[in-house]
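Chemist: Here's my sequence, what's the structure:
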Amino acid sequence: MVTLNRIYTKTGDDGTTALGTGERRPKYDLRIEAYGTVDETNAAIGVVRLHTHDMPEFDAMLGRIQNDLFDLGADLAVPEREGKAERLRVVASQVERLERDIDALNDKLAPLTSFVLPGGTPAAAYLHVARTICRRAERVMVELAARPGEPVGAAGIQYMNRLSDFLFVASRATNHNGAGDVLWVPGQNR
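Modeler: Alright, predicted model coming up:
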């Protein structure tokens, strides 16, 4: 359980922040960037949820995703080290649940005949914003994982990869199951 009695601590005034291990890192550190961008993804999904009150099953999916993203932030904030007690990690079952949600939404959609432009309903447009932030978070996590001594769980990377797929399919679902998709017309404005 987390208890936050005091919001400001002044410990970051020197340009550093603490990982869950207590280790201090510069605020521009790639690990901080990774979980910060995961947090941005979560915030963007929160904006989407302003437009999903009339879709309770879908809104519940987004709520589960937001909780998973906090799990992922905690996972990234405590790098896995040999000999250390295991902490909260994103696991394969979370990725699998996301895959089931993608399949459930995608089953109702007509096949695409073109790339989709961000737009349509407000929820769909915001889902595209969340998708692009999610992709950035995934790129940062992959870059971090490629650095020596900076472990990133495979399930966490897989989760973000699937999440961007979910957000794309969800944008189509909230665009009246694809009927309201804004399609790209190559060379239309030549």
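Chemist: Tell me where the model's unsure across this protein.
Modeler: Scanning the chain for pLDDT under 70 picks out 1-2, 4, 82-86.
Chemist: what's the longest helix in it?
Modeler: helix 122-145 (DSSP state H).
Chemist: what comes up buried for the next helix or strand along the chain from that one?
Modeler: As assigned by DSSP states H and E, the chain's next helix or strand after helix 122-145 is helix 154-174. Buried residues in helix 154-174, defined by neighbour count with 16 or more other Cβ atoms under 10 Å: 155-164, 166-174. Every C-beta, even on glycine, is put in place using the N, C-alpha and C of the backbone.
Chemist: from memory V48 sits against R131, does it?
Modeler: No - with contact defined as Cβ atoms under 8 Å, V48 does not count as touching R131 (10.2 Å).
Chemist: So for the two, which sits in the more crowded spot?
Modeler: V48 (26 against 22; other Cβ atoms under 10 Å).
Chemist: Could you check the angle the helix or strand harbouring that one makes with helix 154-174?
Modeler: Following DSSP H and E, one finds V48 within helix 30-48. Orientation of helix 30-48 against helix 154-174 (axes from the mean of the first three to the mean of the last three Cα atoms, to 10 degrees) gives an angle of 20 degrees.
Chemist: which residues touch helix 30-48?
Modeler: Contact with helix 30-48 is made by 17, 19, 25-26, 62, 65-66, 69-70, 72-73, 76-77, 79, 123, 126-127, 129-130, 133-134, 136-137, 140-141, 143-144, 147, 150, 152, 160, 163, as judged by Cβ atoms under 8 Å, 6 or more residues apart in numbering.
Chemist: how near is R139 to V182?
Modeler: Computed as Cβ to Cβ, to the nearest Å, the R139 to V182 distance reads 25 Å.
Chemist: actually V38, not the one I wrote
Modeler: In terms of Cβ to Cβ, V38 sits 28 Å off from V182.
Chemist: again with P79
Modeler: For P79 relative to V182 (Cβ to Cβ), the value is 41 Å.
Chemist: V142 now?
Modeler: Taking Cβ to Cβ, one finds V142 at 30 Å from V182.
Chemist: sorry, back to before: how about the longest helix of the chain: buried residues?
Modeler: Quick answer for helix 122-145 (16+ other Cβ under 10 Å): 123-131, 133-138, 140-141, 144-145.
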